[in-house]
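Asker: Make a model of this:
(one chain, ligands or ions: 1)
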Amino acid sequence: MTLNDGTYRWASLWLLLLILVATASLDSAIAEEQPVSAEIQRGRYLVMTSGCNDCHTPGYPEAAGQVDEQLWLTGTALGWRGPWGTTYASNLRQVVQRVDEQQWLSHARNSWRPPMPWFNLRDMADADLLAIYRYIRHLGEAGGAAPAYVPPDQEPAGVYVQFPPAP
Ligand code: HEC
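Answerer: Next comes the predicted model:
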C-alpha cells in the first residue's frame with residue numbers, strides 16, 4: 001500500500017487528537033496536585049500548634065500527634081468532669097458547616113465551659129481565627145457528634161477526666 005495525501009492527513013489528525021487528550025489529562029493531574037493556599041496551610045499550622053487537636057482529635061495526645069489528618073478535629077468521647085458538669089470536645093468538622101465566617105468569629109470566642117480555652121481564641125487575631133476556619137472547611141465534614149453536655153448533678157457515661165471541685 002502506498003501512502004497518499006489523504007492517509008497523511010488522517011494520520012496527522014489522529015496525532016493531533018492524541019496530543020490534545022494527553023495534554024488535557026496532564027493538566028488535570030497537575031490541578032489535583034496543586035498545593036493548598038498559604039492561608040489554609042497557616043490554618044493547619046495554627047491548629048497543630050495552638051492545641052486544638054489535643055482535645056478535639058481522638059487519640060491525638062496519646063499518639064504524640066500521629067493521627068491521620070482525615071480524623072483531625074472530629075471530636076472525642078472523652079468527658080471533662082468538674083463543677084461545670086461534663087463537657088466533650090465538639091466535632092469542629094461539623095461545627096464549621098453550621099456557622100459562616102462571621103458567625104465563627106463570635107462562636108469560637110463564646111465563653112465555652114472548661115477546659116475549652118475560648119479566652120485564647122478571644123485574644124487571637126481575626127485573620128488567624130479565619131485561617132483556622134478555612135482550613136477546617138478545607139478538610140470537609142467528617143465523623144459523628146461528640147456526646148452531649150452532662151449537667152453537674154448527673155453521672156456521665158463512659159470515660160472521663162475528673163477535676164477537683166471548686167474551693
Ligand atoms: C483542653 C481541651 C481543649 C482545647 C485545647 C481546645 N478545645 Fe475547643 N472545646 C473543648 C471542649 C471540652 C468544648 C466543649 C465546651 C462546652 O461544652 O461548653 C470545646 C468547644 C469548642 C467550640 C464550640 C463548638 C460547638 O460545640 O459549637 C469551638 C468553636 C472550639 N472548641 C474550638 C477550638 C479551637 C479552634 C481550638 C484550638 C485553638 C480548641 N477549641 C482547643 C476543649 C478544648
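
Asker: what are the ranges of the strands in the protein?
Answerer: Counting by DSSP state E, the chain has strands at residues 79-82, 85-88, 160-162.

Asker: Comparing those strands, which comes out most buried?
Answerer: Stretch with highest mean neighbour count among these: strand 85-88 (a mean of 22; mean count of other C-beta atoms under 10 Å). (Each C-beta comes from the backbone N, C-alpha and C, glycine too.)

Asker: wait, does that one contact the ligand?
Answerer: Yes: Strand 85-88 comes into contact with the ligand (C-beta under 6 Å from any ligand atom), by way of T87, Y88.

Asker: mind checking how far L121 is from the ligand?
Answerer: Going from L121 to the ligand by C-beta to the nearest ligand atom, to the nearest Å gives 6 Å.

Asker: doesn't L129 make contact with that residue?
Answerer: Yes: using C-beta atoms under 8 Å, L121 makes contact with L129 at a distance of 6.2 Å.

Asker: anything in contact with each of these two?
Answerer: Common neighbours of L121 and L129 are listed as A108, R109 (criterion: C-beta atoms under 8 Å, 6 or more residues apart in numbering).

Asker: so where do the helices sit in the protein?
Answerer: 5-32, 38-49, 52-56, 92-98, 101-107, 118-122, 126-139 (DSSP state H).

Asker: A148: which of those is closest?
Answerer: helix 92-98 (13.3 Å; C-beta to C-beta).

Asker: Which strands and helices lie in contact with that closest one?
Answerer: helix 126-139 (3 or more C-beta pairs under 8 Å, 6 or more residues apart in numbering; DSSP states H and E).

Asker: where's the closest residue to C52 other than its chain neighbours relative to P151, distance?
Answerer: Excluding the flanking residues, the one nearest C52 by C-beta to C-beta, 6 or more residues apart in numbering is L73, at 6.3 Å. Per C-beta to C-beta, to the nearest Å, L73 is found 26 Å from P151.

Asker: Equivalent analysis for S37, please.
Answerer: 42 Å.

Asker: Not counting its neighbours along the chain, what's nearest W104?
Answerer: Looking at W104 with C-beta to C-beta, 6+ apart, the closest residue is Y133, at 4.7 Å.

Asker: Test my guess that that neighbour contacts R42.
Answerer: No: applying C-beta under 8 Å, one finds Y133 not in contact with R42, separated by 11.6 Å.

Asker: who has more neighbours, the two?
Answerer: Y133 (22 against 17; other C-beta atoms under 10 Å).
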